[in-house]
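Asks: just coords:
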């Protein structure tokens, strides 16, 4: 074997909501420079391309942080997409000497499936399966056909030991797959979704206003319509709610806040610099989720970001490893399985424990996760 070549494979393209925060942040680092890493970017052509991200991608290519190969394909069409993606990647991979060991770092189940198919044709391929969640659990209530497609992918991935290394984003996710498929390999680890924000100075709050922040999407499972109910349970008479939402303007929710006379600020589709400014004045970060398998195995980026800024967490629902963390360390915040069981949230003395939360958040930092991936690459 002459040498090894490392590829990072993602099937979601630049239109993914986490492409900037998780993929680019990871690859735009010394990890790529040290390993001469190539991003294999499978770009679905049946969705709207994001010109802003394309421009960012071109800039990254110019500064040579990592190599990029963009491969357009018809994405998100189940078996059709899988076969097309396999054919295109098989042509690309076979351009290089079969004597070169190829390590494919696969983001999610679709990428892992394609890599496993490639490995059946080329024994010099090693696979790192980076499992980010359970798509079947996310989709089964909204798109049963696509949910069944991902269920079949899981069965294919977890039916033998041909995967060389598996990373899960939470211990709860690892346990889910251990239990469901009686599947366990020696070489596996847990590297969470990381916070990519740098520490900035906090704005001085010259009054008694308690700034309560929500950052994230508007999907049904985010339960943003329950935020007013949660705010009403916080023992404080001077709350200012700050909602930084992705997607279209939510007139209905804004009107609800007005009718209930809840002081609030709404922002939409903020960039990283704008979010940094918002974080600098926030005191509390909130998250509301149902107690489903989808949420129990998750590793929400927003919780890592809240902690990295020293925010006190208020979390409803058993979410990933964070629920047990908060139960063990009350300095991190408050949690409860169900909003209906909450009578009053007394912030008490732990609201001021910002330094503890920042220190704890280092296990979700970009630097920590890069070091973990570095160790993983060296081990293969």
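Replies: Looks like it came in fine. Worth saying up front: this structure is predicted, and the values here are computed from it rather than measured. Numbering: from 1, shown residues only.

Asks: helix, strand, or coil at residue 71?
Replies: strand (DSSP: H, G, I helix; E, B strand; the rest coil).

Asks: got the contact list for it?
Replies: With contact set as Cβ atoms under 8 Å, 6 or more residues apart in numbering, residue 71 has these partners: 40, 41, 42, 43, 85, 88, 89, 92. No exception for glycine: its C-beta is placed from N, CA and C like everyone else's.

Asks: bridged to the nearest residue to residue 35 once chain neighbours are set aside, which residues?
Replies: Nearest non-adjacent residue to residue 35, counting by Cβ to Cβ, 6 or more residues apart in numbering: residue 6, 4.9 Å away. The partner list for residue 6 in beta bridges (DSSP bridges) reads residue 103.

Asks: counting neighbours, which of the contacts of residue 71 end up buried?
Replies: 40, 41, 42, 43, 85, 88, 89 (16 or more other Cβ atoms under 10 Å).

Asks: narrow those residues to those in strands?
Replies: Applying DSSP state E to the buried ones among the contacts of residue 71, the entries found in strands are 40, 41, 42, 43.

Asks: can you add pLDDT and distance to residue 196 and give these back as a markdown table?
Replies: Supplementary listing: these in a markdown table, determined by pLDDT from 0 to 100; distance: Cβ to Cβ, whole Å:
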| residue | pLDDT | distance to residue 196 |
| --- | --- | --- |
| 40 | 95 | 22 |
| 41 | 92 | 19 |
| 42 | 93 | 23 |
| 43 | 88 | 22 |
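
Asks: closest to residue 305 among the residues you listed?
Replies: Checking those against residue 305 by Cβ to Cβ gives residue 41 as the nearest, at 24.6 Å.

Asks: pretty sure that closest one is touching residue 10, no?
Replies: Yes - between residue 41 and residue 10 there is a contact under Cβ atoms under 8 Å: 6.3 Å.

Asks: what about the helices in the stretch 1-150 of the chain?
Replies: Applying DSSP state H, counting those that start in this stretch to the stretch 1-150 of the chain gives helices spanning 25-27, 30-35, 51-62, 79-93, 108-121, 135-139, 144-157.

Asks: also the stretch 251-380 of the chain?
Replies: Using DSSP H, counting those that start in this stretch, the helices of the stretch 251-380 of the chain run over residues 251-259, 272-279, 293-296, 301-308, 322-328, 354-360, 366-379.

Asks: who are the packing partners of the fourth one?
Replies: Right, helix 301-308. Secondary-structure packing of helix 301-308 (3 or more Cβ pairs under 8 Å, 6 or more residues apart in numbering; DSSP states H and E): strand 210-216, strand 284-288, strand 312-316, helix 354-360.

Asks: equivalent analysis for the longest one, please.
Replies: With contacts defined as 3+ Cβ pairs under 8 Å, 6+ apart, the packing partners of helix 366-379 are helix 25-27, helix 30-35, strand 165-168.

Asks: which one of the ones you listed lies nearest to residue 134?
Replies: Of all the helices and strands packed on helix 366-379, it is strand 165-168 that lies closest to residue 134, at 10.5 Å by Cβ to Cβ.

Asks: that closest one pairs with which strands, and in what direction?
Replies: Each strand that pairs with strand 165-168, with its direction, by DSSP bridges: strand 125-131 (parallel), strand 188-190 (parallel).

Asks: could I get those strands as CSV with distance to residue 240?
Replies: Below are the strands paired with strand 165-168 laid out as CSV (distance: least, Cβ to Cβ, whole Å):
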stretch, distance to residue 240
strand 125-131, 38
strand 188-190, 36
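
Asks: could I get the helices and strands packed on helix 301-308 in TSV, plus columns for mean neighbour count, distance to residue 74 and mean pLDDT?
Replies: Putting these into TSV (neighbours: other Cβ atoms under 10 Å; distance: least, Cβ to Cβ, whole Å; pLDDT from 0 to 100) gives the following:
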stretch	mean neighbour count	distance to residue 74	mean pLDDT
strand 210-216	22	29	96
strand 284-288	25	35	97
strand 312-316	24	39	97
helix 354-360	16	44	93
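
Asks: in a markdown table: those, plus distance to residue 244.
Replies: Formatted as a markdown table, these follow (distance: least, Cβ to Cβ, whole Å):
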| stretch | distance to residue 244 |
| --- | --- |
| strand 210-216 | 5 |
| strand 284-288 | 11 |
| strand 312-316 | 16 |
| helix 354-360 | 19 |
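
Asks: flag every buried residue along stretch 109-125.
Replies: 109-119, 124-125.

Asks: okay, now the domains of this structure?
Replies: Per automatic domain parsing, the domain ranges recorded for the chain read 4-194+365-379, 210-364.

Asks: mean pLDDT lowest for which of those?
Replies: Note on the domains of the chain: lowest mean pLDDT is at domain 4-194+365-379, with a mean of 90.
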